[in-house]
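Visitor: need the 3D shape of this:
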Amino acid sequence: MGRKSTRENKTIYQKLREENDLTREKAAELLEFISEDRLERIENEKSEPAPEDVIRMAEVYKAPELCNYYCSHECPIGRKYVPPIEMTELPAIILETVASLNAVYPLTNRLIEISRDGQISEDESPDFSNIQENLEKVSLAIEALQLWVEKEVQKADS
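Guide: Next comes the predicted model:
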């Protein structure tokens, strides 16, 4: 095996490779179409990974959260439209999901009132914005749960 990096500010790509106890040489072999040199450039931020590189790394490193990281931090479109998902433990994810669902439940009647005529009036707009923010929290909690499940399934399959 190669020597361990002592670099302090490691990129997520390097951290995940090392968490899987892979040298760059072994990782490049498993990644198939990413050379060891290219992997080093990506890890040292001298080259940006292509989306297909990230997808393959996520598969090999058993880290589906890597795709969310790439989309929310590095992809120009994703930075605008894809919120970052924080990977936490299952109990925290479940509590966040339940809390966000509980916050939305009392707002459902107001959402029905607002949407009944198919238009959002000026006086309804603040309530609608509040409902939208709460629905976004539900969406983020569900995305975190889906990533957690995907990660656990990948662990179980290996």
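Visitor: now the strands for the protein?
Guide: Assigned by DSSP state E, the chain shows no strands.
Visitor: outline the domain layout of it.
Guide: The chain resolves into domains spanning 12-81, 90-157 when parsed by automatic domain parsing.
Visitor: pLDDT below threshold where in this structure?
Guide: Applying pLDDT under 70 to the chain flags residues 1-7.
Visitor: need the domains of the chain in a markdown table (columns: mean neighbour count).
Guide: C-beta here means a position set from N, CA and C on the backbone, and glycine is covered the same way. Shown next, in a markdown table, are those (neighbours: other C-beta atoms under 10 Å):
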| stretch | mean neighbour count |
| --- | --- |
| domain 12-81 | 17 |
| domain 90-157 | 13 |
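Visitor: how much space between the residue of the chain positioned farthest from its centre and Gln132?
Guide: In the chain, counting by C-alpha atoms, centre = their mean, Asp117 sits farthest out from the average C-alpha position, at 36.5 Å. Relative to Gln132, Asp117 is positioned 18 Å away (C-beta to C-beta, to the nearest Å).
Visitor: got it, and Met87?
Guide: As judged by C-beta to C-beta, Met87 and Gln132 stand 25 Å apart.
Visitor: one step back: which residues touch the residue farthest from the centre of the chain?
Guide: Listed by C-beta atoms under 8 Å, 6 or more residues apart in numbering, the contact set of Asp117 is empty.
Visitor: next: Ile85.
Guide: Residues in contact with Ile85 (C-beta under 8 Å, 6+ apart) are 65, 68, 72, 140, 143-144, 147.
Visitor: can we see that at 10 Å?
Guide: Shown in contact with Ile85 (C-beta atoms under 10 Å, 6 or more residues apart in numbering): 64-65, 67-69, 71-72, 93, 140-148.
Visitor: need the nearest residue in space to the residue nearest in space to the middle of the chain, chain neighbours excluded.
Guide: Closest residue to the average C-alpha location of the chain: Asn68 at 2.9 Å, with C-alpha atoms, centre = their mean. In space, and not counting its chain neighbours, Asn68 is closest to Ile85: 4.8 Å by C-beta to C-beta, 6 or more residues apart in numbering.
Visitor: any idea how far the one you found is from His73?
Guide: Using C-beta to C-beta, Ile85 is found at 11 Å from His73.
Visitor: equivalent analysis for Arg79, please.
Guide: Using C-beta to C-beta, Arg79 is found at 7 Å from His73.
Visitor: please enumerate the helices of the chain.
Guide: Applying DSSP state H to the chain gives helices spanning 12-19, 24-31, 36-43, 51-60, 65-73, 76-81, 90-104, 108-115, 125-157.
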